[in-house]
Structure formats: C-alpha cells, structure tokens
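K.L.:
pasting the sequence and the predicted coordinates here, then a few questions.
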Amino acid sequence: MTEQLGTATRPLRVAIVGAGPAGFYAAEALLKQKDLVVHIDMFNRLPTPYGLVREGVAPDHQSIKAVTRVYDKVAATPNVRYFGNVIFGRDIVHEDVKQLYDQVVYAVGAQSDRKMGITGEDLDGSFPATIFVGWYNGHPDYRDLEFNLSHERVLVVGNGNVAMDVARILATDPDDLAKTDIADHALEALRKSKVREVVMLGRRGPAQAAFTNPELKEFGELNGVDVIIDPTDIVLDEVSEASLSDDKTARRNVELMRTYAERGTTGASRRIVMKFLVSPVGVIGSGGRVAAVTMEHNDLKQAADGSLRAIGSGKYETHQCGMILRSVGYRGSPIPGVPFSDSSGTIPNVAGRVFHNRDEVLPGEYVVGWAKRGPSGIIGTNKPDSVSTVSSMLEDLAEIEGIPDEKRDLNLIEDLLRARRVDYVSYNDWQILDAHEIAAGAAQGRPRVKETRVAEMMKIIRAGRG
Ligand code: NAP
C-alpha cells in the first residue's frame, strides 16, 4: 500500500505559481497544519516577490506594505523555496509542475483590465488605470511607458479604491511623493506635470461608491488640493438615502463628501473634482490624441434584485481633457495549460478546486486570490480565501495518487531550470536586491529606491551572490 501523502516518508510536494499575497497565504496555511509534512516551491514571474503589495499598493501607503514581514517569515521556513524570475508557460510549463508536484496552486492574480467599450477608448492618452499604477510603482512591464502630463485635466473613470489611488497620486505634491518608494521615473514625470485638475467620474451616486472611508478622508488631507463636489450631487434620492442606514462605509463616505461639498474651493493650486451619475460615452481625439470626453448623465433605477443601476438619461456634456484613465476593474488573463473563464476573467473553480469544461475537476490543481474570485477585496481578504482553498487541498489528500517516488527528488526542479538556462532567483537572492534598494532609499530618506528593470535587478543580484 502506498504511504499517505503529507507524511515524513512521503512529504506533500506543492507548487505555488505566483508569489503575491494569495500565494503566500496559501503557503502559510499549509505550513500551519500540525501533522502535515509539506515541501512548497513558489514560482514567480518577476525576480521580486509580493505581487500587488509591491506593484499595486500606492507608494504613499507604506504602512500597508508592512504585511510583507509575514511573507518573509513564510519564505524563511526551511521547507519553502522561492524561484523568482521564472515565467510559467515558458521556463516551466503545466506539464512540468504536474510531473514534479502532488498539488499545484495558481495564485496569478488579475494581470489585465476591463474596458469601457466606448468609441475612442484606444486613442493615445486613454489608458487603463492598472498600467498607470504599474508605472508609478516601478513594475518592469510598464517602466518605459511615457504618460503625457503636459495638459491641465485628467479624467478618471470609476469610483473604486484604484481610481482613488491614481487620482491622489496625480494630485499630490511631488515633494510629498519624493518621501515614498514611488519609482524614480514616475516622480520625475510628476514633477514636470502640468495637471491641475483630476476629475473622477462615478456612473452611480455617492452612496454607491466602491471606495472606502480612509481613502476618501485622505483626499481632504492632501497639501494644496481642493476636493470639489457639487452640493446638488450630494442630495440623495430616497432609495440611496435609505440604504445608508445599514451601510456604515457608505454613510461615512456620504458624510465626508458633504463636508467637502460645503468646504468648496479654497483657491488651492490643484483640485480633485468628484462627479456622480455620469458615464463616458465617447472619447474625442485630436491629432490621434485624447482631447475631450463626452459623457451622459445617468438616473438611478432600482433593479429586481433591489440594487440601483445607472441608466442613461439622454443628457450629454463634453469635457476637455488630456488624459483619461479607466479604473473600472482588473481582469484575469489566461495562463498556458490552465482553464480560464472568459466571462468571469478567472480560473473556473469550486471552493478553489480548478474545473475544466464546467463539471470536470482537475485533480491536484487549485486556485487562490483574484484568479479565483475576481479582483475584489483588500490584501487581507486573501488570507481566508487561501485558507479555504487549502482546506479543499487537505480534504483531497486521501484521494490524490501523487507523483511517483522517483519524481520526489527536490533537486529535479533546480536541474530542470538550470538545464533550460533559467537564472532563477532564490529568496536569499531577493534579499540582496531588497537590501540594495533599502540602502539606496536610506541615502535619500526614503523607504527604498526601486529597481525597475529586470536586467538591472539581476545585475545587482549576481554581483551580490559573489
Ligand atoms: P472596484 O472596487 O470593483 O471598483 C470599480 C469601480 O468601477 C466601481 O466604482 C464601478 O462602479 C466602476 N465601474 C465598473 N464598470 C464601469 C463602467 N463601465 N463605467 C463606469 N464605471 C464603472 O475595483 P478597483 O478600484 O479596481 O479595486 C479592486 C479591489 O482592490 C477593490 O476591492 C479595492 O477595494 C481594492 N483596493 C484597495 C485599496 C486599499 O485598500 N487602499 C487600494 C486599491 C484597491 P459600479 O459600482 O457602478 O459598478
């Protein structure tokens, strides 16, 4: 009889693809199982770990990034190995992980963005907020983008926390940003920025905004920035007003917005304007670039499920602007060899077990985080989400055949990567880069100065390896 998986004689071998919060929480949940003997290998596309904590969390939200201490602890556990700079689908493929691991967890997040589906959306100057975020956070994929900020007005579509982040970064005094770990190229561009007004467009009303209280409160605390809201926008319809009684976040949001509306203009040099019940319906170009946006005013209509939907009113207005950022949600992208639902933008699953063709479960394959549930929630939301997938993994242990013993040699994956000439980055390697960035930051009174090119990162790591 074959020995049970997860024991000293037959340790469970788990591959986690993606080293963002959801991947680390899955590893942590596995390590917390008292009687489970497990070896975990984490694979990450970039040399740097932490996913959206490094590449998504705004640079002026340093305290949120302290969560990486938990991930460092996970990575320091003897049975956990980190393989950064390894591209899934190229350096290792689905078949490799199936051959070398009993269970595979996809923790690949949501790498793409949703579109608005309006004319002119692809004009130069119209971008998804996601890439603007990647750019100012020094994500190597976006570090060479150039955003033209030589105009006065940017429109940001959406009322979520990502929209808040991009609006705030565009409006913040660059001297304040200079104290953060914002990417140097972005800081330089923002120092030269001529943008004086950022207009946020919510398709529904103030009571339906998806952003949260701390982010809205921060708007009112920005140096040299007025937050402008038309007082008539804050007069709520009956259904919205009633909805506030059992929604604390919305209630506080509306209270804050009422104080901003009352405060009005103080003559600050930069402004964030919050407009509600408007939807862009067309981006107008001039010389191939964004010049203006036509928007339609909306009415709120209660749907059968009780929710309030935005319905076009047939009244339009056009606003000039030099850039439009759509912040209407992230979206998952397919990864080679793994099922993907185009409609939800996620890896189809039930309780974290990956499904194929709706009802066929793929034994030993699991998903966590945004790739599992879509792009919602804060970083901490990923912890219970990963714990729940790990419960499914543990439940399945008795049923899983597992890989043959000759594939259990821990060196096999390293041999395979070396044979393919992949210069993978270990956690010690990452710590060389981490120390380098922190030291560069200390010299400037900043938390770190980020390296933003993979080639540069690898140069520093190779030099540090000695
Ligand atoms: P989100 O919270 O889902 O917000 C998306 C926004 O886009 C909503 O206001 C939505 O309006 C709007 N929208 C969607 N489709 C639209 C369309 N076609 N036209 C106009 N507006 C449209 O998404 P997110 O801002 O990308 O954030 C993703 C997750 O990360 C969220 O859970 C967020 O809280 C989290 N996050 C947290 C922080 C933080 O904690 N500081 C920072 C960044 C992100 P409707 O409500 O009308 O659909």
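P.N.:
Thanks, I have the structure now.
K.L.:
got the domain boundaries for this structure?
P.N.:
The record's domain parsing of the chain by automatic domain parsing lists 12-111+331-425, 115-327.
K.L.:
and the ligand, is the last one touching that?
P.N.:
Yes. Applying Cβ under 6 Å from any ligand atom, one finds that domain 115-327 is in contact with the ligand at 116, 157-163, 165, 203-204, 208, 210, 215, 279, 327. (C-beta placed from N, C-alpha, C; glycine too.)
K.L.:
can you tell me which of these is nearest the ligand?
P.N.:
Gly160 (2.1 Å; Cβ to the nearest ligand atom).
K.L.:
hmm, back to that, Pro447: which of the domains of the chain is closest?
P.N.:
Nearest of the domains of the chain to Pro447, taken as Cβ to Cβ: domain 115-327 at 4.8 Å.
K.L.:
what average pLDDT does the closest one get?
P.N.:
Mean pLDDT, domain 115-327: 97.
K.L.:
isn't Lys383 up against Ala26?
P.N.:
No. Applying Cβ atoms under 8 Å as the test, Lys383 and Ala26 come out as separate, 9.6 Å apart.
K.L.:
and those two? Which one has more around it.
P.N.:
Ala26 (32 against 18; other Cβ atoms under 10 Å).
K.L.:
which helix or strand contains that one?
P.N.:
In the assignment (DSSP states H and E), Ala26 maps to helix 21-31.
K.L.:
strands along the stretch 151-300 of the chain, start to end?
P.N.:
153-157, 197-201, 225-228, 270-275, 278-286, 289-302 (DSSP state E, counting those that start in this stretch).
K.L.:
helices and strands around the next helix or strand after the longest one, which ones?
P.N.:
Looking back up the chat, that one is strand 289-302. Past strand 289-302, further along toward the C-terminus, the next helix or strand under DSSP H and E is strand 308-320. Applying 3 or more Cβ pairs under 8 Å, 6 or more residues apart in numbering; DSSP states H and E, we find strand 308-320 packed against strand 153-157, helix 238-243, strand 278-286, strand 289-302.
K.L.:
CSV for these, including mean neighbour count?
P.N.:
Shown next, in CSV, are those (neighbours: other Cβ atoms under 10 Å):
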stretch, mean neighbour count
strand 153-157, 25
helix 238-243, 14
strand 278-286, 19
strand 289-302, 18
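K.L.:
let's have those in a markdown table, adding distance to Val108.
P.N.:
Formatted as a markdown table, the helices and strands packed on strand 308-320 follow (distance: least, Cβ to Cβ, whole Å):
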| stretch | distance to Val108 |
| --- | --- |
| strand 153-157 | 26 |
| helix 238-243 | 35 |
| strand 278-286 | 30 |
| strand 289-302 | 31 |
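K.L.:
so which of those is nearest Asp429?
P.N.:
Evaluated over the helices and strands packed on strand 308-320, closeness to Asp429 peaks at strand 153-157, with 37.6 Å, by Cβ to Cβ.
K.L.:
what does the helix holding Ala26 contact?
P.N.:
12, 14, 16-17, 36, 38, 40, 42, 44, 49-53, 67, 70-71, 74-75, 77, 79-80, 105, 107, 109, 366, 368-372, 379, 382-383, 385-387, 389-390, 393 (Cβ atoms under 8 Å, 6 or more residues apart in numbering).
K.L.:
same deal with stretch 4-16?
P.N.:
By Cβ under 8 Å, 6+ apart, stretch 4-16 touches 2-3, 23, 26-27, 30, 33, 35-43, 79, 97, 100-105, 107, 393, 397-398, 400, 402-403, 405, 408.
K.L.:
picking up where we left off before, filter the contacts of helix 21-31 down to just the ones in helices.
P.N.:
Per DSSP state H, helices hold the following members of the contacts of helix 21-31: 52-53, 70-71, 74-75, 370-372, 382-383, 385-387, 389-390, 393.
K.L.:
only whichever of those residues are buried, select them in PyMOL.
P.N.:
A single PyMOL command is used to select the members of the ones in helices among the contacts of helix 21-31 judged buried by 16 or more other Cβ atoms under 10 Å:
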select buried, resi 52+53+71+74+75+370+371+372+382+383+385+386+387+389+390+393
